[in-house]
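Student: please work out how this folds:
(chains A and B)
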Amino acid sequence: MSKGLPETRTDTAMSELVPEPRPKPAVPMKPVSINSNLLGYVGIDTIIEQMRKKTMKTGFDFNIMVVGQSGLGKSTLVNTLFKSQVSRKASSWNREEKIPKTVEIKAIGHVIEEGGVKMKLTVIDTPGFGDQINNENCWEPIEKYINEQYEKFLKEEVNIARKKRIPDTRVHCCLYFISPTGHSLRPLDLEFMKHLSKVVNIIPVIAKADTMTLEEKSEFKQRVRKELEVNGIEFYPQKEFDEDLEDKTENDKIRQESMPFAVVGSDKEYQVNGKRVLGRKTPWGIIEVENLNHCEFALLRDFVIREKASWALSFHLCQPPPAPLLNEGHFKRCFSLHSSQLLLLQGQALFSAVLVQLTTTVLLSPQ
Amino acid sequence: MDKEYVGFAALPNQLHRKSVKKGFDFTLMVAGESGLGKSTLINSLFLTNLYEDRQVPEASARLSQTLTIERRGVEIEERGVKVKLTLVDTPGFGDSVDCSDCWLPVVKFIEEQFEQYLRDESGLNRKNIQDSRVHCCLYFISPFGRGLRPLDVAFLRAVHEKVNIIPVIGKADALLPQETQALKQKIRDQLKEEEIHIYQFPECDSDEDEDFKRQDAEMKESIPFAVVGSCEVVRDGGNRPVRGRRYSWGTVEVENPHHCDFLNLRRMLVQTHLQDLKEVTHDLLYEGYRARCLQSLARPGARDRASRSKLSRQSATEIPLPMMPLADTEKLIREKDEELRRMQEMLEKMQAQMQQSQAQGEQSDAL
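Tutor: Predicted coordinates:
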């Protein structure tokens, strides 16, 4: 195998570079990399800068779906998350629109920019979910929509003459809004998550969490987590996508302690201690949206937007995607689930830190 | 003797003493989705812990649960006045994925109580009728919705002619003052639009003082009542012990009229309108039921149908009489007929006796 190549100095150095082998396609194996000392500055590290420039030019697609009964603050929360009016709020009481009889799917796209990074954000709303007297199978239109997007993407993928950059309308993440009853999940919540947790990344959120005291919140969360576990529902981040031990411990902590996040949303600002903060002004105090003592909005935002760094959107960076496996279904699942763990970057500092991770992933993926 | 003073003025005192000795009984129904703070509010209203050993089943258990009716009785005494309070609870309402017709058991229960009363009233021993009719229904509306939901409308439509409805917005600390006002207005508009008759608090007498009239008007304006319940005692801003809910951003005081309408509800329900609710139940709602029942009985051909149905029980559905088992009405009619016949016989006997004594008198006179 390593004929003609000088032997490696240390086996440990090798194992640092090459992690556990992924399922390998039927191609001849690459020659094992050599760890040779560089005799001068070559400039390999500029690849980070190159990739950053490239990403900034191409931008990101991020499609987020919001599901929950009407009035749980979905639109307000999305607006708060992205600090812009990306979701048409239905909170004006004068609206004459009636609750739709069947679940509708409304996708609204926006382009937002920060620090030179462009993001095409699409918010997919699902009015009518859970609002009828009989909500049997009200999740079916949602499931259908998600699968249709996968179909579309796959069709483009398997084309002979592929587009350079396939428009990605697949649903990357679904925020499911749980009503803060204080008791447990509702049967409809369970049914929805059972049906859709295998198809889309579900991030459960406890809506309008300003109705629960600290004790009530933690009790409720525990019960919800237990119920999800008992029913075999895995929310994002799923255990099977933990890449290494570090990932696993970090994710475990989030999974078992913080999630589901209890959030409060608002688009109004108030003056608190000399600072302008987003909040809700009640007769008994001001609820600050970004104050971790008040609610977990900041955790959710960091989670979805700033931190989750395990992703394999290699095709966005002109890397050929992994060769399709024999079973189309499996391919669809593998590929789409991996690529839907998306990182969005805000701010240069985080950008470079994550790009290092990204670079490593890309360089090491089997060709 | 004092000719001007007869003593009628003491009559109210006699009534008062008598009713205090007799005690009051009152049946209150609470309905609404689970998780809206119904039990907490009841405990707060009557300062008892009626729901101590409650176990709320998990979502998976509630998937196929049908609505049950639970009755809880408690005797409360205050300053020598005894009240036998019966609480009717409706766990499972609005819980399942498919809630079609989930209000039917409630309607049936209310009508059964009327039927029982009708039977007791028409019976022979009418002195100690147990009044188990539902005198008032507190219907809880979610603060998270945008007004009445389709299920709310369906339930209210089904029961508004059979029980006094007082609509209440539960967990009102989820709402800012302007949101509360908007929601109340929306609900009032919807109630008018759907022609749902809620309990009308009677007008003040014209000879009440201005202050009272103003208070009364204020209370009526605040329907539906936006309430917060709590049985915990916390410290408020001035370090005084109050009943309330402590959050990280402030403390909601249950009995503070600026925070919620709890005091209004308690005043109107318990302090001023308890008796009126009973009277309206008896004079309006029960009479309506009774009229409907007896009218359908008196309809021509009803008797023929009744006799035919003795052979086949299924025809009970044909007959418009809602709940009364036909055998019983037959019995009632027969009993009444018997009574009439007996009275007539007695009358005839008396008449005969009179005639005899008259004749004897004449004879003796003649002699």
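
Student: and chain A, is stretch B:252-269 touching that?
Tutor: Yes - legend: contact between stretch B:252-269 and chain A by Cβ under 8 Å from any Cβ of the partner chain is shown at B:Val252, B:Glu253, B:His258, B:His259. Bear in mind the C-beta positions are built from the backbone N, C-alpha and C, glycine included.

Student: just the buried residues of those residues.
Tutor: By neighbour count, with 16 or more other Cβ atoms under 10 Å in any protein chain shown, those hold B:Val252, B:Glu253, B:His259 as buried.

Student: tabulate these (TSV), appending pLDDT and distance to A:Lys226.
Tutor: What follows is these, written out as TSV (pLDDT from 0 to 100; distance: Cβ to Cβ, whole Å):
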residue	pLDDT	distance to A:Lys226
B:Val252	90	29
B:Glu253	90	33
B:His259	90	33
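
Student: mind checking the SS state of the residue nearest to B:Asp236 when sequence neighbours are not counted?
Tutor: With Cβ to Cβ, 6 or more residues apart in numbering or on different chains as the criterion, B:Asp236 has its nearest non-adjacent residue at 4.8 Å, and that residue is B:Val242. In three-state terms, and counting by DSSP: H, G, I helix; E, B strand; the rest coil, B:Val242 is strand.

Student: element containing the spatially closest residue to B:Phe114 that is not a sequence neighbour?
Tutor: Spatially, and ignoring its direct neighbours in sequence, B:Phe114 is nearest to B:Tyr289 (4.5 Å; Cβ to Cβ, 6+ apart). Using DSSP states H and E, B:Tyr289 maps to helix B:287-298.

Student: can you give me the buried ones in that helix?
Tutor: B:Tyr289, B:Arg290, B:Cys293, B:Leu297.

Student: averaged pLDDT, that helix. What do you get?
Tutor: Taken as a whole, helix B:287-298 has a mean pLDDT of 86.

Student: what pLDDT does the residue of the stretch 1-150 of chain B found nearest chain A get?
Tutor: Going by Cβ to the nearest Cβ, chain A is nearest to B:Gly35 of the stretch 1-150 of chain B, at 2.4 Å. B:Gly35 is assigned 89 on the pLDDT scale.

Student: got it, and A:Phe220?
Tutor: The model's pLDDT for A:Phe220 equals 93.

Student: ok, it - contacts?
Tutor: A:Pro180, A:Thr181, A:Gly182, A:His183, A:Ser184, A:Ile206, A:Met212, A:Ala262 (Cβ atoms under 8 Å, 6 or more residues apart in numbering or on different chains).

Student: excluding chain neighbours, what is closest to the residue of the stretch 1-150 of chain B closest to chain A?
Tutor: Counting by Cβ to Cβ, 6+ apart, the residue nearest B:Gly35 is A:Thr181, at 2.4 Å.

Student: isn't A:Val304 right next to A:Cys174, touching?
Tutor: No - applying Cβ atoms under 8 Å, one finds A:Val304 not in contact with A:Cys174, separated by 11.2 Å.

Student: out of those two, which sits in the busier spot?
Tutor: Neighbours were counted for A:Val304 and for A:Cys174 using other Cβ atoms under 10 Å in any protein chain shown; A:Cys174 has more, 26 against 23.

Student: what mean pLDDT does the helix or strand encompassing B:Glu335 get?
Tutor: Here B:Glu335 sits within helix B:326-366, counting by DSSP H and E. Helix B:326-366 carries an average pLDDT of 78.

Student: what sits against the residue nearest the centre of chain B?
Tutor: By Cα atoms, centre = their mean, chain B has its centre lying nearest to B:His135, at 1.3 Å. Each residue near B:His135 by Cβ under 8 Å, 6+ apart is listed here: B:Phe26, B:Thr27, B:Leu28, B:Val163, B:Asn164, B:Leu277, B:Lys278, B:Thr281.

Student: next one: A:Lys239
Tutor: Applying Cβ under 8 Å, 6+ apart, the residues near A:Lys239 are A:Lys248, A:Asn251, A:Arg255.

Student: these two touch, right, the second one and A:Glu234?
Tutor: Going back to what we said before, that points to A:Asn251. No - with contact defined as Cβ under 8 Å, A:Asn251 does not reach A:Glu234; the gap is 11.5 Å.

Student: neighbour count winner among these two?
Tutor: When A:Asn251 and A:Glu234 are compared for neighbours, A:Asn251 comes out ahead with 20 against 17, by other Cβ under 10 Å.

Student: pLDDT score assigned to the more buried one?
Tutor: For A:Asn251, pLDDT reads 78.

Student: pLDDT below threshold where in chain B?
Tutor: B:1-3, B:49-57, B:59-66, B:299-331, B:364-367 (pLDDT under 70).

Student: show me which residues of the stretch 151-300 of chain B are close to chain A?
Tutor: Residues of the stretch 151-300 of chain B lying near chain A (Cβ under 8 Å from any Cβ): B:151, B:154, B:171, B:173-174, B:176-177, B:182-183, B:185-186, B:245-253, B:258-259.

Student: list the buried residues in the helix or strand A:Lys248 falls within.
Tutor: Under the criterion of DSSP H and E, A:Lys248 resides in helix A:245-253. Buried residues in helix A:245-253, defined by neighbour count with 16+ other Cβ under 10 Å: A:Glu250, A:Asn251.

Student: do stretch B:272-290 as well
Tutor: B:His273, B:Leu274, B:Asp276, B:Leu277, B:Lys278, B:Val280, B:Thr281, B:Leu285, B:Tyr286, B:Tyr289, B:Arg290.

Student: what's near enough to touch the residue nearest to the second one when sequence neighbours are not counted?
Tutor: What that stands for is B:Leu274. Excluding the flanking residues, the one nearest B:Leu274 by Cβ to Cβ, 6+ apart is B:Phe26, at 6.2 Å. Applying Cβ under 8 Å, 6+ apart to B:Phe26 gives the contacts B:Val83, B:Lys84, B:Leu85, B:Thr86, B:His135, B:Cys136, B:Leu274, B:Leu277, B:Lys278.

Student: next step: these restricted to strands.
Tutor: Counting by DSSP state E, the contacts of B:Phe26 place B:Val83, B:Lys84, B:Leu85, B:Thr86, B:Cys136 in strands.
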